[in-house]
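**Student:** Prediction below, plus the sequence it came from.
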Amino acid sequence: MKRREFITLLGGAAAWPLAARAQQSAVPVVGFLGPALVTRQHWLTAFRRGLGTGGFIEGQNVTIEYRSADGGAEELSELAAELIRRQVAVIFASGPPAALAAKRLTQTIPIVFLSGGDPVQMGLVSSFHQPGGNVTGFYFLATGLVAKRLALLHELLPAGTRVAVLVNPTNAATAEPTMRDAAAAGQTLNLDIQAFNASTVGEIDAAFAALSSWRAKALFVGPDPLFNTAREQLVTLAARYALPASYFQRDHVEAGGLMSYGPDFADSYHQAGAYVGRLLKGARPADLPVQQPTKFELVINLKTSKALGLEVSPTLLARADDVVE
């Protein structure tokens, strides 16, 4: 070994304990992993406010490293690996693909997830009350609301018996239960259900062309992070093809979609931020039960219903939690 290399190695070894002590006293870093949320600043604001309930303010006593992508599991795994190399204190994972990618790569860094799919069935946690391991979070029942959403769509459009269900096949954690429950609910409601796949924004265009050829009378958009970020594209295509569509969050309706039924996503981000704050203070993920929403909202866009030539019944309108006019 050359003398310079030896001195460098020796100096690095001597400095390591000092670096370790500095890291312990440094401002904690939270890794934020999930789909691109550029157009969902209110979700990010809600997350930061949740952190604030624990006394953590971004830029003051906590740093947030953002890693977002609308790609597949491989890309999310690469981003999760970056956060782990960054030695973040906690990882917040938005969506099942992000949560699964993070869990595969670390069993020590605490992970807080937001998931529309059942986290127990996906293997993220052992149970809701006792998650076990390094993972906990929030299950907002997106896949558990399929039958309810289909029933509401059928109530709004009783003559539309041919319903296209849009899912992302690369996200089996939500696509499979969505199609399973849609098929079962379709039988109960006497609906003709057909699955259409899209795993990229380009495939969304192709899926609409295919479901139009199938002569779909209504569209049911399955819960998926891709369909979160592509909401403008989905709403625009639904209008172009004159398709009444049901979505899983109100943002789609505010963007011009017909109707949605689901939990308050901003509140879920707020609660997740609060959980991250508790972990930063020393709580263990295994001791924090997986939470579920208690309030769900039906949102209807009357302007869109009129454009489609649909009349919303007074009984359905009375049950709406919010109406966009």
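**Tutor:** Cool, the structure landed. Note that the structure is predicted; figures quoted are calculated from it, not measured. Numbers count the residues shown, from 1 in each chain.
**Student:** what's near enough to touch the residue nearest the centre of the chain?
**Tutor:** Central residue of the chain (Cα atoms, centre = their mean): Gly95, 3.7 Å from the mean position. With contact set as Cβ atoms under 8 Å, 6 or more residues apart in numbering, Gly95 has these partners: 34-35, 113-116, 224-225, 228. In short, each C-beta sits where N, CA and C put it, glycine included.
**Student:** ok, of those residues, which one's closest to Gly160?
**Tutor:** Asp224 (22.4 Å; Cβ to Cβ).
**Student:** what are the ranges of the strands in the stretch 201-325 of the chain?
**Tutor:** 218-221, 245-247, 259-263, 296-301, 322-324 (DSSP state E, counting those that start in this stretch).
**Student:** any chance of those in JSON lines, plus mean pLDDT, distance to Val135 and mean neighbour count?
**Tutor:** As requested, those are exported to JSON lines (pLDDT from 0 to 100; distance: least, Cβ to Cβ, whole Å; neighbours: other Cβ atoms under 10 Å):
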{"stretch": "strand 218-221", "mean pLDDT": "98", "distance to Val135": "27", "mean neighbour count": "26"}
{"stretch": "strand 245-247", "mean pLDDT": "98", "distance to Val135": "28", "mean neighbour count": "27"}
{"stretch": "strand 259-263", "mean pLDDT": "94", "distance to Val135": "20", "mean neighbour count": "24"}
{"stretch": "strand 296-301", "mean pLDDT": "95", "distance to Val135": "25", "mean neighbour count": "20"}
{"stretch": "strand 322-324", "mean pLDDT": "95", "distance to Val135": "33", "mean neighbour count": "16"}
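**Student:** I'd like those strands written out as CSV, with distance to Glu311 added.
**Tutor:** As requested, the strands of the stretch 201-325 of the chain are exported to CSV (distance: least, Cβ to Cβ, whole Å):
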stretch, distance to Glu311
strand 218-221, 15
strand 245-247, 17
strand 259-263, 13
strand 296-301, 12
strand 322-324, 14
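**Student:** Out of those, which is closest to Arg49?
**Tutor:** Using Cβ to Cβ, the nearest of those to Arg49 is strand 259-263, at 17.2 Å.
**Student:** what about the helices in the chain?
**Tutor:** Using DSSP state H, the helices found in the chain span residues 3-25, 41-52, 73-85, 96-105, 119-122, 146-156, 172-189, 201-213, 225-229, 231-240, 250-254, 265-280, 302-307, 314-319.
**Student:** residues in contact with the shortest one?
**Tutor:** If I follow you right, that is helix 119-122. Counting by Cβ under 8 Å, 6+ apart, helix 119-122 makes contact with 96, 99-100, 113, 115, 125-128, 135, 137, 139, 173, 177, 290, all of which sit outside it.
**Student:** Buried ones in it, by neighbour count?
**Tutor:** 119, 122 (16 or more other Cβ atoms under 10 Å).
**Student:** what sits against the spatially closest residue to Phe56 that is not a sequence neighbour?
**Tutor:** Distances taken as Cβ to Cβ, 6 or more residues apart in numbering put Val62 closest to Phe56, at 4.2 Å, once the chain neighbours are dropped. Neighbouring residues of Val62 by Cβ under 8 Å, 6+ apart: 27-30, 51, 56, 280.
**Student:** go again using 10 Å as the cut-off
**Tutor:** Contacts for Val62 (Cβ atoms under 10 Å, 6 or more residues apart in numbering) come out as 27-30, 48, 51-52, 54-56, 89-90, 276-277, 280.
**Student:** pLDDT below threshold where in the protein?
**Tutor:** Within the chain, the segments meeting pLDDT under 70 span 1-25, 36-40, 70-72.
**Student:** can I see the domain layout of it?
**Tutor:** 3-141+265-287, 143-263+296-324 (automatic domain parsing).
**Student:** Next up, the contacts around Glu155.
**Tutor:** Counted by Cβ under 10 Å, 6+ apart, Glu155 has contacts 189, 312-313, 315-316, 319.
**Student:** Next one: it relative to Leu317, how far apart?
**Tutor:** 11 Å (Cβ to Cβ, to the nearest Å).
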